[in-house]
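> Sharing a model prediction with you, sequence too.
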Amino acid sequence: MSEKPKPGRVELFAYYYLGFQPDGTYRFPNAHHVARWYNVGPEAVLRWLENYDLSPARVSKMQVELSGHSVDLQMEAPNLTPEGIQMRAAEILEDLDEAQPGRRPWIDGPIR
C-alpha cells in the first residue's frame, strides 16, 4: 500500500484528538490507528503533530475540554457530512488555539 497524502492540520486534529476519520466515521484514536489510515508509521504521525503545533505535550497543557468537544461532536455526527464534521473540528481547533495554557479545573497543582 502506498502512503496517502499528509493530512492537513484540521484533518489530523479531528482524527488524533477527536476520533473522526476523514470519511466521517468515529474510532477511538491513537497514533497507531492514525498511522494505519495514512499508511505511515506512528512516528510520522507524531512528527506531523509536532509540525502543526499539536503535540500531545502542548495540547495537554491547554485549558480546553477536548473530551467534552469530542462527545458533543459524536452526538452531532449522525446529522453531519464528513465535511460538516471537519468544519466542527476546525471550530474546536480554533478554541484550542485561543485557549490559555495552565491549570485545568480538576488539577490541584500547576501543570509541569
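Structure's in. What do you need? Numbers count the residues shown, from 1 in each chain.

> who's in contact with Ile85?
Ala14, Phe20, Gly24, Leu73, Ala77 (Cβ atoms under 8 Å, 6 or more residues apart in numbering). Bear in mind the C-beta positions are built from the backbone N, C-alpha and C, glycine included.

> Apply 10 Å and report the result again.
14, 18, 20-26, 73-74, 76-77 (Cβ atoms under 10 Å, 6 or more residues apart in numbering).

> what do you get for Gly8?
When contacts are counted by Cβ under 10 Å, 6+ apart, Gly8 touches Ala14, Pro22, Trp48, Tyr52, Gln86, Ala90.

> Take the residues you listed and keep only those in helices.
Ala14, Trp48, Gln86, Ala90 (DSSP state H).

> if I look at the closest residue to the first one other than its chain neighbours, how far off is Gly102?
Beyond its immediate neighbours in the sequence, the residue positioned closest to Ala14 (Cβ to Cβ, 6 or more residues apart in numbering) is Ala89, lying 3.6 Å away. Applying Cβ to Cβ, to the nearest Å, the value for Ala89 to Gly102 is 24 Å.
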